[in-house]
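Student: Sequence first, then the predicted structure, then my questions.
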Number of protein chains: 2
Amino acid sequence: MQGKFDQLLEKHKLKKTAPRFSVLEVLSSRDVATSQPNLEEILGKEVDRVTLYRILKTFEEKGIIHKIIDANGTANYAVCHSSCTEHQHRDEHLHFNCTVCKKVYCLNDVHIPAFNLPEGFEASTINLVASGVCQACKAQL
Amino acid sequence: MQGKFDQLLEKHKLKKTAPRFSVLEVLSSRDVATSQPNLEEILGKEVDRVTLYRILKTFEEKGIIHKIIDANGTANYAVCHSSCTEHQHRDEHLHFNCTVCKKVYCLNDVHIPAFNLPEGFEASTINLVASGVCQACKAQL
DNA sequence: TTAAGTGCAAAATCTTTGCAAATGT
DNA sequence: ACATTTGCAAAGATTTTGCACTTAA
């Protein structure tokens, strides 16, 4: 299904280049968010490190992928699940950061419960990251 | 009230040095978390950058301060509000990251609501960061 | 053809490490 | 006096910038 990426890039008026396809392939082949260092490792041969920075930045601005900062401050990326646009990201679901395998799971089904902010505060984005041991890693203990 | 810091350092078997007092003074004089770059700026003359890294690391390990990674992946620090120990941090309250003034507020009064993790996942730490415009900044618009 | 995108080199930052000198107990 | 802690210098890592070359449209 190559056409999927074609459409995606077209939709955002981005040129269909080899490095961009590589990035999309890696990110969409995974059910978890991928850290930038990890991406570099995987794409090392095909995509220049600087190009990767620029692609990730562009994709994020266009709403194609979203960035999750994990507990260590490392950027992780995942293709946007629902309808992110250039103007508004909608990735307000729970992320789970496994401390053993370092994976960041996008738990799309768990929605963030409501809470009250003090008078005068207004939130535009909410980020909920839980850290602990994931399903898979716990099974191996 | 100099004695407060003295006690704090004694309690954790840390030597009472000038740089450490400086860090504690800055952090506790503020009701918001302070970013590391900001700390460097403030302490630039009195504390070496490397020393600052080490102090922050030590303090965090001892449970004297806690680290909040903001939406940009930058580390922010605040003195622990309640009873953090070397073994367990209890900073599971909401943080509010203002996109205008960049401050990170510790909203100790807003507790994180409960949510259900999928089978097999177990969270040891929870981090909830809301981004938006804070009280003070909104008033100035 | 030409604007957008890439890759390399190099600058600018940020973070860590090693070690001698200084400091608190 | 002795173990800790600091400050400097230097290595390592990360991120950004500039610019010539390449490529998709």
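Tutor: Yep, that arrived.

Student: Strands along chain A, start to end?
Tutor: A:32-35, A:65-69, A:75-79, A:93-98, A:104-111, A:122-133 (DSSP state E).

Student: and the first one, how far from the chain's centre?
Tutor: With C-alpha atoms, centre = their mean, to the nearest Å as the basis, the distance from the averaged C-alpha position of strand A:32-35 to the chain average is 6 Å.

Student: now swap in the longest one and tell me
Tutor: Using C-alpha atoms, centre = their mean, the mean C-alpha position of strand A:122-133 is found 14 Å from that of the whole chain.

Student: One more: the fourth one?
Tutor: Here strand A:93-98 is found 11 Å from its chain centre; the criterion is C-alpha atoms, centre = their mean.

Student: Whether that strand contacts chain B - can you check?
Tutor: Yes. Using C-beta under 8 Å from any C-beta of the partner chain, strand A:93-98 comes into contact with chain B via A:94, A:96. (Each C-beta comes from the backbone N, C-alpha and C, glycine too.)

Student: wait, what's in contact with the residue sitting furthest away from the middle of chain A?
Tutor: Going by C-alpha atoms, centre = their mean, the residue of chain A most distant from its centre is residue A:119, 31.8 Å out. Listed by C-beta atoms under 8 Å, 6 or more residues apart in numbering or on different chains, the contact set of residue A:119 reads residue B:135.

Student: The closest residue to residue A:24 other than its chain neighbours: neighbour count?
Tutor: Excluding the flanking residues, the one nearest residue A:24 by C-beta to C-beta, 6 or more residues apart in numbering or on different chains is residue A:5, at 4.8 Å. When neighbours are counted by other C-beta atoms under 10 Å in any protein chain shown, residue A:5 registers 18.

Student: mind checking pLDDT for residue A:5?
Tutor: Note on residue A:5: pLDDT of 91.

Student: quick one on the thing from earlier: ramachandran angles for the residue farthest from the centre of chain A?
Tutor: Residue A:119 adopts backbone torsions of phi -40, psi 130, taken as degrees, to the nearest 10.

Student: who in chain A is up against DNA strand C?
Tutor: Contact residues (C-beta under 7 Å from any atom of the strand) of chain A with DNA strand C: A:14-15, A:17-20, A:46-48, A:50-51, A:54-55, A:58, A:73.

Student: Give me the residues contacting stretch A:99-115.
Tutor: Applying C-beta under 8 Å, 6+ apart, the set of residues contacting stretch A:99-115 is A:31-33, A:35, A:68, A:70-71, A:76, A:78, A:81, A:91-98, A:126, A:128, A:131-134, A:136-137, B:94, B:110-118, B:121, B:124.

Student: The residue nearest to residue A:24 contacts residue A:21, doesn't it?
Tutor: Yes. Residue A:5 lies in contact with residue A:21 (C-beta atoms under 8 Å); the separation is 5.7 Å.

Student: who touches residue A:40 in this structure?
Tutor: Contacts of residue A:40 by C-beta under 8 Å, 6+ apart are A:49, A:52.

Student: any idea how far it is from DNA strand C?
Tutor: Going from residue A:40 to DNA strand C by C-beta to the nearest atom of the strand, to the nearest Å gives 12 Å.

Student: One more: residue A:32?
Tutor: Relative to DNA strand C, and taking C-beta to the nearest atom of the strand, residue A:32 is found at 24 Å.

Student: If that residue is in a bridge, with which residues?
Tutor: Under the criterion DSSP bridges, residue A:32 forms beta bridges with residue A:105.

Student: residues near it, how many?
Tutor: The number of residues packed near residue A:32 is 19, by other C-beta under 10 Å.

Student: Please name the residues that touch it.
Tutor: A:78, A:103-106.

Student: What is the nearest of these to residue A:26?
Tutor: residue A:78 (10.9 Å; C-beta to C-beta).

Student: Just to check, the closest one is in contact with residue A:60?
Tutor: No. Using C-beta under 8 Å, residue A:78 is not in contact with residue A:60, being 10.7 Å away.
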